[in-house]
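Q: I would like the atomic coordinates for the input below:
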Amino acid sequence: MMTPERTENFEHRIPEGDDRTRRVCGTCGFIDYQNPRIVAGSVVCKDDKILLCKRAIEPRLGFWTLPAGYMELGETVEQAAMREAQEEACADIEIDRVLAVYSVPRIGQVQVMFRANLMSDFKPGPESLETELVAWKDIPWAELAFPTVVWALTHFAETRDQANFAPFANPPGTEKLTT
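A: Numbers count the residues shown, from 1 in each chain. Just a heads-up that it's a prediction; the model follows:
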């Protein structure tokens, strides 16, 4: 028979040598670190069009996004981006390069976005209602799910014809969205 997890021995305190309050087991001293989660995704292109996925899940059900999601243990960030394209759009992609790394501390995320090329057909996966290749002029800006999708698309547009560039970070003036 399984015993339920006991949490009554945990307390919030600053462990020795640390600088912030953590959950610490009062019995054994185990520190329960709570760290940001990594999201991996891509701006996926084919013939000057961008692959968008309409979300079939919350948050932001019914809004458009780029193929992206949480990284799993045991995979590289590139593998995570390729898996997410497969899960959300049944698409095989080829990673070109890192486009941006966004910090979203308000929700405990670091988002690594790549530029990628579509290498296969695509269709909605289990997390998508629809998938479409969209021309830049047809992007449904008012229906995009998250600010980081807008940032990634904007940064992609700035580098569309560049082979080499430094990866982007959060745009200036976006502090309210990230804290």
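Q: contacts for the longest strand seen in the chain next, please.
A: Longest strand in the chain, counting residues (DSSP state E): strand 93-104. Strand 93-104 is contacted from outside by 42-44, 67, 78, 81-82, 85, 109-119, 148, 151-152, 155-156, 159, 167-170, 177-178, using C-beta atoms under 8 Å, 6 or more residues apart in numbering. All C-beta atoms are positioned from the backbone trio N, CA, C, and that covers glycine.
Q: next one: stretch 46-57
A: Outside stretch 46-57, the residues that reach it (C-beta under 8 Å, 6+ apart) are 43-45, 61-67, 85, 88-89, 91, 117-118, 122, 124-136, 139-140, 145, 153, 156.
Q: buried among those residues? Need that as a selection in ChimeraX.
A: To isolate the buried members of those in ChimeraX, using 16 or more other C-beta atoms under 10 Å:
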select :43,44,45,63,64,65,66,67,85,88,89,91,118,122,124,125,127,128,131,132,133,139,145,153,156
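Q: next step: the contacts of stretch 46-57 restricted to strands.
A: Short answer: the contacts of stretch 46-57 in strands (DSSP E) are 43-45, 64-65, 117-118, 128-135.
Q: identify the farthest-apart pair in these.
A: Asn117 and Leu129 (24.0 Å; C-beta to C-beta).
Q: pick out the residue closest to the middle of this protein.
A: Val39 (3.0 Å; C-alpha atoms, centre = their mean).
Q: that one contacts Thr65, correct?
A: No. Using C-beta atoms under 8 Å, Val39 is not in contact with Thr65, being 10.9 Å away.
Q: returning to what we had before: what are the buried residues along the longest strand of the chain?
A: Neighbour-count burial for strand 93-104, with 16+ other C-beta under 10 Å as criterion, is recorded at 93, 95-96, 98-100, 102, 104.
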